[in-house]
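**Q** Got a predicted model here, sequence first, then my questions.
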Amino acid sequence: MRLCPVDAHATWPLRQAVLRPHQRVDDMALPGDDAPGAGHFGAFDGGALVGVATVAPGPHPRDRRDGDWRVRGMATAPDVRGRGAGGLLLQACLRHVRAHGGRRVWCNARAGVVGFYRRAGFAAEGEPFDLPDIGPHRLMALELDAIAAVVLDLDGVIVDTEEVWDRERRAYAAAHGGRWNDEATRAMQGMSSVEWAAYLRDVVGVDRDPARIAREVGAQVVAHVREELPLLPGAVAAVAALAARWPLAVASSANREVIDAVLDGAGIAGRFAATVSSEEVARGKPAADVYVEAAARLGADPRACAAVEDSSNGLRAAHVAGMHVIATPNRAFPPAADTLALAEATVGGIADVTPELVASLARP
């Protein structure tokens, strides 16, 4: 699913087909479409426009304040519902509002989508009401919190593959002339594939070119996760709950092909607006590069992002990036006490990373 800005006119056919089939396409212009600062967004599946939404400055009908914005005209084609288009569109609207200094977003939600907005943090206000020729609605509003996006590590947060990586590296080293040392496992945690492959050659003594080492070890990990995906308890539900409220990114030290295999295998690839491998930036963790890049791809200030990490090097990286850090300590390779102290919250696992916890991080 691809998301991008569109012209207001491009939203009209879906608005008409989904929201107001009793009216003509030419009658789909809405008040606020041409307001200064208004944003119109489209979700594309291949080349087809399958979802639209509009957000524009507009006073709350019951409690007017500066910084009020209204979401309206949100529509998704019936054949793509359940694939995350609505959530991506809503997050695009919220990012747009934050970028323009908005403080609250409201909408008149059709009765059938009240649950969708509740999951995104909106609260219903007043009693249900009917719009003529359209049906029952609820007024709903969301006070924008200081967190603009959430960035998650992969290994040890979403999927339990830290031990898989360690086993495959050890086996590869043993098969190709290397001698494992007591520091190797922790030293390589958080390194990019370029960095840990060089470590295996230069420190462990593997007699292979680093590019070949990274490719062959990565292929073994991909094969493992495709055969048996070791998702951590509650990972899929936690990702869905967070994605309903914030744009998500992955910032991982894993090879690109491993990231893609895990997210595709778990059926959650569509929940993430961006994914970054540390092999795509200059330095791996504990440098902040992968987190800074993930925030950039989300269009968010790193200081307005929450990060979820399990390892010492990952916690350091997210902290240096300026993010609000949640620790889910890796049980097999627990982080050092000094790095765990960098987290604003520590929980047992990804299942405990709730929207309520994330929203609480930036409160005074």
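**A** Received it, and whenever you're ready, just let me know what you need. Residues are numbered from 1 along each chain as shown.
**Q** Return the residues in contact with the closest residue to Gln16 other than its chain neighbours.
**A** With sequence-adjacent residues excluded and distances taken as Cβ to Cβ, 6 or more residues apart in numbering, Gln16 is closest to Val25, at 4.6 Å. Bear in mind the C-beta positions are built from the backbone N, C-alpha and C, glycine included. Residues near Val25 by Cβ atoms under 8 Å, 6 or more residues apart in numbering: 12-13, 16.
**Q** Ok, Trp106 next?
**A** Counted by Cβ under 8 Å, 6+ apart, Trp106 has contacts 58, 60-61, 68-71, 139-142.
**Q** Pretty sure it sits in a strand.
**A** Yes. Remark: Trp106 belongs to a strand, assigned using DSSP: H, G, I helix; E, B strand; the rest coil.
**Q** Let me know the distance separating it from Val221.
**A** The gap separating Trp106 from Val221 is 46 Å, by Cβ to Cβ, to the nearest Å.
**Q** can you give me the helices for the protein?
**A** 8-14, 85-99, 114-119, 162-175, 184-188, 193-199, 210-227, 235-243, 256-266, 289-298, 312-320, 337-340, 355-360 (DSSP state H).
**Q** So for Ile326, which of those sits nearest?
**A** helix 355-360 (7.0 Å; Cβ to Cβ).
**Q** average model confidence for the closest one?
**A** Taken as a whole, helix 355-360 carries a mean pLDDT of 92.
**Q** returning to what we had before: with distance to Gly51, neighbour count and pLDDT as extra columns, can I get the contacts of Val25 in a markdown table?
**A** Below are the contacts of Val25 laid out as a markdown table (distance: Cβ to Cβ, whole Å; neighbours: other Cβ atoms under 10 Å; pLDDT from 0 to 100):
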| residue | distance to Gly51 | neighbour count | pLDDT |
| --- | --- | --- | --- |
| Trp12 | 14 | 20 | 96 |
| Pro13 | 12 | 14 | 95 |
| Gln16 | 14 | 18 | 95 |
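**Q** Just give me the closest of those residues to Asp166.
**A** Pro13 (52.9 Å).
**Q** Please name the residues that touch the closest one.
**A** Going by Cβ under 8 Å, 6+ apart, Pro13 touches 25, 28, 49.
**Q** Kind regards, and thank you for your time.
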